[in-house]
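Enquirer: Below are the sequence and a predicted model for it; my questions follow.
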Amino acid sequence: MAIQAVTEEKVWHVLDTVKDPEIPVVSVVEMGLIRAVELDDDRVTVTMTPTFSGCPALEVMQREIKTAVSALNIPLPHITINVVLSPPWSTDWITEEARAKLKAFGLSPPPQHGGKLDIIFHDIAPCPRCDGHNTSLKNSFGPTLCRAIYYCHDCQEPFEQFKPL
């Protein structure tokens, strides 16, 4: 049974509807988690890289990806999710659209670093609410492994920053 009506573009489109379970305003595509889509006769293979190897949302994302792709009339046994850890995921893979959505959500997007991470936790992170830079790191461990907690001294609001990885 060959997949005739399904195209790589259609698969990418449905994958863009799968939201990150921990940050529901962005998709797994926008977060840069999806690395490749391959079509081969009756099989669709989606290659993804989680933010961390022990990402607690990995199983949820895999299940939601299979559900989204199966909406293209592909039987679940013909959908493979290939999880790769090399190269490791980087916050540089987050799209500009996702960075804007993160900020609107109240989560300071990570700075672009181009692979040069001399300092992982900066004392200052721009406040997503007031754009102020009078901020300080309060805890390098937020509610998830990929976030840190900051405080803005200008608007007096705590906020989270997505850690640059």
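Expert: Noted; the coordinates are in hand. From a predicted model like this one, the values you see are computed outputs, not experimental measurements. Numbers count the residues shown, from 1 in each chain.
Enquirer: what's the distance between residue 19 and residue 33?
Expert: Counting by Cβ to Cβ, to the nearest Å, the separation of residue 19 from residue 33 is 11 Å. Every C-beta, even on glycine, is put in place using the N, C-alpha and C of the backbone.
Enquirer: cool, and residue 68?
Expert: Residue 68 is 13 Å from residue 33, by Cβ to Cβ.
Enquirer: swap in residue 76?
Expert: In terms of Cβ to Cβ, residue 76 sits 20 Å off from residue 33.
Enquirer: what do you get for residue 103?
Expert: Per Cβ to Cβ, residue 103 is found 19 Å from residue 33.
Enquirer: can you check residue 109 too?
Expert: 16 Å.
Enquirer: More neighbours: which of those two?
Expert: A count of neighbours by other Cβ atoms under 10 Å puts residue 33 above the other of residue 109 and residue 33, at 27 against 21.
Enquirer: so what's the nearest residue to that one once chain neighbours are set aside up against?
Expert: Among residues not flanking residue 33 along the chain, residue 48 sits closest, at 5.1 Å (Cβ to Cβ, 6 or more residues apart in numbering). Contacts for residue 48 were tallied using Cβ atoms under 8 Å, 6 or more residues apart in numbering; they are 28, 33-35, 61-62, 65, 81-84.
Enquirer: Nearest to residue 113 among those?
Expert: Closest approach to residue 113 among the contacts of residue 48 (Cβ to Cβ): residue 33, at 18.1 Å.
Enquirer: and that closest one, what pLDDT?
Expert: We note a pLDDT of 97 for residue 33 in this prediction.
Enquirer: repeat for residue 147
Expert: 86.
Enquirer: The residue nearest the centre of the chain and residue 159: what is the separation?
Expert: Centrality entry for the chain: nearest residue to the mean C-alpha point is residue 31, 3.0 Å, by Cα atoms, centre = their mean. According to Cβ to Cβ, residue 31 and residue 159 sit 19 Å apart.
Enquirer: Check residue 110 too.
Expert: 13 Å.
Enquirer: now do residue 111
Expert: From residue 111 over to residue 159 (counting by Cβ to Cβ), the distance is 15 Å.
Enquirer: neighbour count winner among those two?
Expert: residue 159 (24 against 15).
Enquirer: how about the more buried one, secondary structure?
Expert: Classification of residue 159 by DSSP: H, G, I helix; E, B strand; the rest coil places it in strand.
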